[in-house]
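# pasting the structure only:
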């Protein structure tokens with residue numbers, strides 16, 4: 001059965017965020033909606049999936065709080081089982097940067113619409129930076145963008161301090177999956193002396209959904225924080241899967257390697273798996289195959305976690 005996937009976030013003052021957890025989880029379960037939502041004093045960040053009417057009901061429930069009345073969500077469809085359970089998590093931040101001065105509720109960079117993005121990043125006077133983690137950039141990025149080679153979003157302040165200066169880089173634009181990292185990244189830069197700071201509104205997902213592929217400056221796939229793993233233009237599912245051995249994204253090319261074994265290993269991890277772990281993975285794969293043969297779900301059907309990111313176990317909305 002087709003499922004609607006909704007990704008969303010909003011920075012808002014939620015001092016009572018912990019009290020929202022139980023009723024929100026109940027609302028999601030009432031409408032057969034699964035996924036992960038993070039609540040924090042600074043707002044909400046989530047990805048959910050389920051029947052279209054159920055997803056809309058949950059979004060309506062959230063917007064019933066006047067502080068989240070402007071909550072916008074990016075919707076897409078998939079035939080794949082996107083989540084197996086519903087989790088509502090309480091965190092200090094909805095996306096972890098660890099820099100209190102970077103508060104998007106006070107200031108953020110100037111938003112750039114997808115239709116204006118190509119012209120901006122084609123300007124040689126503009127420094128274009130991909131704020132995502134290294135493995136995400138490896139899947140795909142915008143032509144000519146700088147890869148900061150960060151393993152987590154918490155490394156962003158150090159990258160800025162070491163590689164960027166307001167006088168040498170007077171005009172900076174950045175992008176991420178859905179926009180949330182850029183909210184904090186741009187707020188951080190504005191608080192540290194940078195004056196002209198821009199960000200792609202709605203992130204890569206908004207661009208891929210609204211830009212004709214023939215006009216696109218995007219190259220590759222975009223990693224997403226659910227079981228689809230990656231998407232392409234039009235937000236159709238990409239070619240990537242997750243290796244159960246190392247929980248790293250793998251391509252069709254990786255699957256041609258003699259070191260690839262479905263449900264067990266890929267070229268990245270095949271030589272490092274212990275015999276015990278290999279045996280456990282083989283048995284898990286056998287159980288998953290049996291469950292599929294019975295047309296039932298098996299909780300081992302997807303890896304429990306993916307490469308570490310700042311918003312795990314949810315997504316960069």
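Looks like it came in fine. Bear in mind the structure is a predicted one, so any value in this text is a computation, not a measurement.

# Touching, residue 50 and residue 33? I think so.
Yes: if you go by Cβ atoms under 8 Å, residue 50 and residue 33 touch, sitting 3.7 Å apart. Yep, even glycine has a C-beta here, placed from its N, CA and C like the rest.

# Mind listing the shared neighbours of the two?
With contacts taken as Cβ atoms under 8 Å, 6 or more residues apart in numbering, not a single residue reaches both residue 50 and residue 33.

# Count the residues that sit near residue 246.
Neighbours of residue 246 under the rule other Cβ atoms under 10 Å: 18.

# What of residue 205?
Residue 205 has 23 neighbouring residues, counting by other Cβ under 10 Å.

# any weak-confidence spans in the stretch 101-250 of the chain?
Confidence mapping of the stretch 101-250 of the chain against pLDDT under 70 gives zero matching residues.

# So what pairs up with the closest residue in space to residue 28 that isn't next to it in sequence in the strands?
Of all residues beyond its chain neighbours, the one nearest residue 28 is residue 86 (4.8 Å), with distances taken as Cβ to Cβ, 6 or more residues apart in numbering. Beta-bridge pairing for residue 86 (DSSP bridges): residue 35.

# mind checking how far residue 86 is from residue 238?
Using Cβ to Cβ, to the nearest Å, we find residue 86 at a distance of 25 Å from residue 238.

# Same check on residue 257?
19 Å.

# So if I had to pick from the two, which one is more boxed in?
residue 238 (21 against 14).

# ok, for the more buried one, nearest residue in space, not its chain neighbours?
Nearest residue to residue 238, sequence neighbours excluded (Cβ to Cβ, 6+ apart): residue 230, at 3.3 Å.

# what does residue 57 give?
Counting by Cβ to Cβ, 6+ apart, residue 57 lies nearest to residue 31, which is 4.9 Å off, once chain neighbours are set aside.

# And for the one you found, the neighbour number?
Look at residue 31: counted by other Cβ under 10 Å, it has 17 neighbours.

# for it, what are its contacts?
Under the criterion of Cβ under 8 Å, 6+ apart, the contact list for residue 31 reads 50-51, 53-55, 57-58.

# Just the buried ones from those residues?
With burial judged by 16 or more other Cβ atoms under 10 Å, the buried subset of the contacts of residue 31 is 50, 54-55, 57-58.

# Any chance you could list what contacts the helix or strand harbouring residue 28?
Following DSSP states H and E, the helix or strand that holds residue 28 is helix 21-30. Helix 21-30 has contacts (Cβ under 8 Å, 6+ apart) with 34-35, 37, 39, 48, 50, 57-58, 61-62, 86, 88, 90.
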